[in-house]
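K.L.:
structure for the following, please:
(one chain, ligands or ions: 3)
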Amino acid sequence: MKTATTIVRKRLRVTGVVQGVGFRPHVYNLASRLGLAGFVLNDGAGVVVELEGPPEVVAEFVTQLQAAPPPRARLDAVEEEEVAPAGEDAFVIKESVPGAAATLVSPDLATCGDCLDELLEAADRRYRYPFINCTNCGPRFTIIQGVPYDRPKTTMSSFAMCPACRAEYDDPGNRRFHAQPNACPACGPSLALWDGAGKPLETDDALGDAKQFLFDGLVVAVKGLGGYHLACDATSAEAVEKLRSRKYREDKPFAVMARDVAVVRRYCDFNDDELALLTSEKRPIVLLRKLEPCHLPEAIAPRNRYLGVMLPYAPLHHLLFDDDVEILVMTSGNRADEPIAYRDDKVVEHLAGIADYYLAHDRAIARRVDDSVTRVFRGREYPIRRSRGYVPLPLELGRAYKTSVLAVGAELKNTFCFTKGSQAFVSHHVGDMENVATLEAFEEGVAHFRDVFDVEPAAVARDLHPDYLASRYALATGLPEVVVQHHHAHVASVLADAGYYEGKVIGVVFDGAGLGDDGAVWGGEFLVADLAGYERAAHLKYVPLPGGDAAAREPWRMALSWLRALHGDDALKRPLPFLDDIPEGRREMVLEAAAKGVNAPPTSSMGRLFDAVAALAGLRNFINYEGQAALELEQLAAPDEEGAYEFSYEKGKPSIIDAAPVVEAVVADVRAGVAPGVIATRFHNGVAAIVADVAAALRDEYGLETVALGGGCFQNITLLNKLVPTLEGAGFKVLIHERVPTNDGGLSLGQAAVALARLEKD
Ligand code: ZN
Ligand code: ZN
Ligand code: FE
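P.N.:
Ligands and ions are numbered 1, 2, ... in the order given. Sure thing, here's the model as predicted:
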């Protein structure tokens, strides 16, 4: 039996997202309420708590901490250890201890309800202050320069807190206790308004003036958390067109930011899952179905049934909106394909000729981080770009590895990934690694992650393609290399995303291009694979890819390559309408290249087949952004058309899927005047049907019941909607992405998973 005088002391080691989320004040308040003595502190591995008091009260503390942690915290583990009582009678918060930096850095968090109330409360000392925040909200990853996460290691270090802010910061009972970006109008960052040349304007109402400019239809660059946005009035077709032409972005959809949910409801249809993502503290851009008709200019997202929508996530955003300004285009502040501008000393140079004005401020951005883009598929998140609000939270791999690796990703939509133990730190979206600026952003990002998460990779994983800038970077690290075939990495990414370690699956990977192990350009692949290896079980039959990379930008080339595959030298005998705007000389040139195999490597790309069908159906011969032809083909597909074009299938090692009958049927339909929407639907139906057929054949052959779907083509929701229920109906377990994108943005996770599996085997 215990006596009332029994006193124990326990040391708790808490890991997870426990820094920068109000964890220490929470612990302080709980311990004080329970009358326990001891301390709490941050160190490089997380949080350490020591508690002294009666054993049942100490146990009660642990129970309550686990049952109700601070809202933004995530507890991965609480380890307990008994230590000798120290005879203390008070609970204190101790200084942070710098150390091995394995702690989890919080992503940026949208303004919380409490801060929003204060922002709009005239009597509050932070009334309409655009940098209000607390331990439950505000910038994190984008201001962090090192760990542990304390003010001197952030871009707030140059602002000295005024007495009122300091008192909040030091008061364990306050919502701003150790809120590192804590600030107020007296001591914190302030707004500035610059003209198009970057010259500061004399004004005492930068915000009001910027709003007036937006209302007048001008383009204003607005400094956000991870970079500058280009903003304009989303209800003005003229403003949207102006932004498009200045940005050299003809068709690629713009995202919009709406004042609140009620405004979103006026333009889009959404369900509870989509609403939950829209209003989550991550505040991603969520793809929502446009209402029909949608009373926004078509130029925002041309020929697209979906609109990328986000809600305000920084206090400055909330202040941009009122009854006059309800919805703004908010697109990344960059020119064409460059990385998003984030440095005040460079932004004017980067956005010259695009922005009429700049709404800037003096809190520096440490890290360039784009908005995340996501959507919901069958009740689950299906990410398109995983960045702000998500990064740098690690993905749990579900298996602890002894070694760490760095995976450098691929060329397009690049991300990189560090692993440590059972966690994978997939980076923010770096972008298309096709220019020096993006390569520099990549290198900076890798160095920062390595530093913040204190990782020493034992190996570097890279794509089989040796000429990708990321691959060259991998080589230059001097680390042992693990070379991963592109489509194998896609399958592995699905498996790692799902935490699937049960052995081989039927991996179906459809994308634009990846180097195959036979030197051909792959992209319509059925790989029987696990994390360590793969066998190419089936693929689309090769056709020449005339012009190589140029074929991806000019879908008519693939259409012509297919006509040649069908009709040989007679390919141009009965020209189809899509060739009307292609000069005759160029047609002949492409045909000849295909015939001779000059700069026309063989390809099994499903992405290019979508392109060919889009071109044949008269949709477009040239694209303005990656995947545009396929996306527009998807947008045309109608749910009620049941016809399907049939692929032929020849069993073998590997089995060959021939799209020739499909293309033949498309050509016949085009000649018969069948509507493009019907052609698009029949094509989607045909692709879904052949995947189900081949999967069934491979199940018989290999005895596998699980199908993993990966690669950029599976961003196509129409295809997924047809395919997933069909596969499930046939008894398959279907794995699709949930935590990283199915496009190449998810590739680094797959490369890392392959490397870990191979290193573990050795
Ligand atoms: Zn807050
Ligand atoms: Zn202050
Ligand atoms: Fe890919």
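
K.L.:
didn't Val17 look like it was pressed against Leu104?
P.N.:
Yes: checked against CB atoms under 8 Å, the pair Val17 and Leu104 is within contact range at 4.7 Å. Bear in mind the C-beta positions are built from the backbone N, C-alpha and C, glycine included.

K.L.:
what is in contact with the two at once?
P.N.:
Jointly contacting Val17 and Leu104 under the rule CB atoms under 8 Å, 6 or more residues apart in numbering are Arg74, Leu393.

K.L.:
the more surrounded of those two?
P.N.:
Leu104 (26 against 23; other CB atoms under 10 Å).

K.L.:
for that one, what are its contacts?
P.N.:
Contacts of Leu104 (CB under 8 Å, 6+ apart): Thr15, Gly16, Val17, Val18, Gln19, Gly46, Arg74, Pro392, Leu393, Pro394.

K.L.:
before we move on, what about Arg557?
P.N.:
Leu545, Pro546, Gly547, Ala550, Ala551, Val590.

K.L.:
go on, Pro139?
P.N.:
By CB under 8 Å, 6+ apart, Pro139 lies in contact with Asp108, Asn133, Pro181, Leu225, Ala314, Arg363.

K.L.:
for these, which entry has the maximal number of neighbours?
P.N.:
Leu225 (28 neighbours).

K.L.:
sec struct for the residue in the stretch 1-150 of the chain that ligand 2 sits nearest to, please.
P.N.:
Closest approach between the stretch 1-150 of the chain and ligand 2, counting by CB to the ion: Arg125, at 8.1 Å. Three-state assignment for Arg125 (DSSP: H, G, I helix; E, B strand; the rest coil): coil.

K.L.:
got the contact list for it?
P.N.:
Ala164, Cys184, Pro185.

K.L.:
one more time with 10 Å, if that's ok
P.N.:
Counting by CB atoms under 10 Å, 6 or more residues apart in numbering, Arg125 touches Glu118, Ile132, Cys162, Ala164, Cys165, Cys184, Pro185, Ala186.

K.L.:
what's the answer for Ser280, then?
P.N.:
Counting by CB under 10 Å, 6+ apart, Ser280 has contacts Leu109, Ala110, Val286, Leu311, Tyr313, Thr374, Glu381, Gly389.

K.L.:
surely the fourth one touches Ala276?
P.N.:
No: in this structure, Leu311 is not within contact of Ala276 by CB atoms under 10 Å, at 12.0 Å.

K.L.:
what do the two both touch?
P.N.:
Both Leu311 and Ala276 are contacted by Val286, under the criterion CB under 10 Å, 6+ apart.

K.L.:
who has more neighbours, those two?
P.N.:
Between Leu311 and Ala276, Leu311 has the larger neighbour count (other CB under 10 Å), namely 22 against 13.

K.L.:
and the strands in the stretch 101-250 of the chain, which stretches?
P.N.:
Using DSSP state E, counting those that start in this stretch, the strands assigned to the stretch 101-250 of the chain run over residues 191-195, 220-223, 228-233.

K.L.:
redo those strands as a markdown table? Include mean pLDDT and distance to ligand 2.
P.N.:
Shown next, in a markdown table, are the strands of the stretch 101-250 of the chain (pLDDT from 0 to 100; distance: least, CB to the ion, whole Å):
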| stretch | mean pLDDT | distance to ligand 2 |
| --- | --- | --- |
| strand 191-195 | 97 | 16 |
| strand 220-223 | 98 | 20 |
| strand 228-233 | 98 | 26 |
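
K.L.:
could you dump these to TSV with mean neighbour count and distance to Arg557?
P.N.:
Converted to TSV, the strands of the stretch 101-250 of the chain look like this (neighbours: other CB atoms under 10 Å; distance: least, CB to CB, whole Å):
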stretch	mean neighbour count	distance to Arg557
strand 191-195	18	45
strand 220-223	25	37
strand 228-233	26	33
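
K.L.:
among these, which is nearest ligand 3?
P.N.:
Going by CB to the ion, the one of those nearest ligand 3 is strand 228-233, 28.1 Å.

K.L.:
in its sheet, which strands sit next to the closest one, and in what direction?
P.N.:
With DSSP bridges as the test, strand 228-233 is paired with strand 220-223 (antiparallel), strand 327-332 (antiparallel).

K.L.:
please save the CA atoms from the shortest one in CSV.
P.N.:
I take that to be strand 220-223. Extracted in CSV, the C-alpha atoms of strand 220-223 (Å, rounded to 0.1, in the frame of the first residue of the first chain):
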residue,chain,number,x,y,z
VAL,A,220,0.2,43.2,-57.4
ALA,A,221,3.0,40.9,-56.2
VAL,A,222,2.1,40.0,-52.6
LYS,A,223,4.8,38.6,-50.3
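
K.L.:
what about the helix ranked longest in the chain, average pLDDT?
P.N.:
Criterion DSSP state H: the longest helix present in the chain is helix 676-702. Per-residue pLDDT over helix 676-702 has a mean of 98.

K.L.:
can you list the domains in this protein?
P.N.:
8-93, 191-361, 382-493, 511-744 (automatic domain parsing).

K.L.:
dihedrals phi and psi, Asp530?
P.N.:
With angles defined as degrees, to the nearest 10, Asp530 sits at phi -120, psi -170.

K.L.:
and it, how far from Gly507?
P.N.:
Distance, Asp530 to Gly507, by CB to CB, to the nearest Å: 9 Å.

K.L.:
can you classify the residue in the stretch 601-750 of the chain that ligand 2 sits nearest to by secondary structure?
P.N.:
At 38.4 Å from ligand 2, Arg739 is the closest residue in the stretch 601-750 of the chain, using CB to the ion. Assigned with three-state DSSP, Arg739 falls in the coil class.

K.L.:
next, count neighbours for whatever residue of the stretch 651-762 of the chain ends up closest to ligand 1.
P.N.:
Across the stretch 651-762 of the chain, no residue is closer to ligand 1 than Arg739, which sits at 26.2 Å (CB to the ion). Residues near Arg739, counting by other CB under 10 Å, number 21.

K.L.:
low-confidence stretches in the stretch 101-250 of the chain?
P.N.:
The model of the stretch 101-250 of the chain has pLDDT under 70 over residues 101-103.

K.L.:
near ligand 1, which residues of it? Just list them.
P.N.:
Cys112, Cys115, Cys134, Asn136, Cys137 (CB under 5 Å from the ion).

K.L.:
my read is that the second one contacts Cys137, right?
P.N.:
Yes: between Cys115 and Cys137 a contact is recorded at 5.6 Å, counting by CB under 10 Å.

K.L.:
more neighbours, those two?
P.N.:
More crowded of Cys115 and Cys137, by other CB under 10 Å: Cys137, with 28 against 24.

K.L.:
out of the contacts of Leu104, which are buried?
P.N.:
Thr15, Gly16, Val17, Val18, Gln19, Gly46, Pro392, Leu393, Pro394 (16 or more other CB atoms under 10 Å).

K.L.:
what's the neighbour count on the nearest residue to Glu250 once chain neighbours are set aside?
P.N.:
Spatial nearest neighbour of Glu250, excluding adjacent residues (CB to CB, 6 or more residues apart in numbering): Asn624 at 4.3 Å. Close neighbours of Asn624, defined as other CB under 10 Å, add up to 13.
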